[in-house]
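Asks: only geometry, no sequence info:
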């Protein structure tokens, strides 16, 4: 079974802080994703990575960056956290495009 | 028009009844279709995948796909209170990393 692990379930950060969200998968998947989920807006793609050091912007990349230095790890970085980045953040991975996404447990981030 | 549309609900059904959840999508390049269940405060978990027209059954769950009409549905037989959750429909555009999610239908199964 695929295991996708997000390092924190809950985070509270202050406006302006630099925030790191970590995600690790154990299935040697090439493809990893970061989504955020907000009520009424559904899941929106922030960034996608298809290989080490390779990334593509999703629908809402502004205010975020990512890092993929190792195949199993995909990090989301909020350069300067703002209150409108308060959200549920979901990491996912897949081996082959078109397969179902496997999600981590999610990180509920609150920016005050 | 939203790319993947679902009725937000809540859809209330009595315990033991069949719950029918529907989803329409706009992109004819959609190739893979998924239903996820999400409990409040938790992450989505995969229930069913369907890739070709017709029905696919897995236990109490049946997914139905009609590409000509661009809809996909999920039937839950013998609904249980533990099925109360939000159900997300998702589609993947063929050959891309784009997975488009609906905003979900909230299901309430009444004991």
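Replies: It's in. Quick caveat: nothing in here was measured; it's all calculated off a predicted structure.

Asks: so residue B:83 is in contact with residue B:107, correct?
Replies: Yes: using CB atoms under 8 Å, residue B:83 makes contact with residue B:107 at a distance of 6.3 Å. Heads up, the C-betas are built off the backbone N, CA and C, glycines and all.

Asks: now do the shared contacts for these two.
Replies: B:19, B:76 (CB atoms under 8 Å, 6 or more residues apart in numbering or on different chains).

Asks: quick one: classify residue B:52 as helix, strand or coil.
Replies: Following DSSP: H, G, I helix; E, B strand; the rest coil, residue B:52 is assigned to coil.

Asks: how near is it to residue B:65?
Replies: For residue B:52, the distance to residue B:65 equals 7 Å [CB to CB, to the nearest Å].

Asks: quick one: which of these two has more around it?
Replies: Between residue B:52 and residue B:65, counting by other CB atoms under 10 Å in any protein chain shown, residue B:65 is the more crowded of the two (19 against 9).

Asks: ok, what's across the strand from the more buried one?
Replies: Applying DSSP bridges to residue B:65 gives these bridge partners: residue B:54, residue B:72.

Asks: residue A:108 too?
Replies: Taking DSSP bridges as the rule, residue A:108 bridges to residue A:10, residue A:88.

Asks: next SSE downstream of the longest strand anywhere in chain A?
Replies: Longest strand of chain A, by residue count under DSSP state E: strand A:42-51. Downstream of strand A:42-51, the next assigned helix or strand under DSSP states H and E is strand A:54-57.
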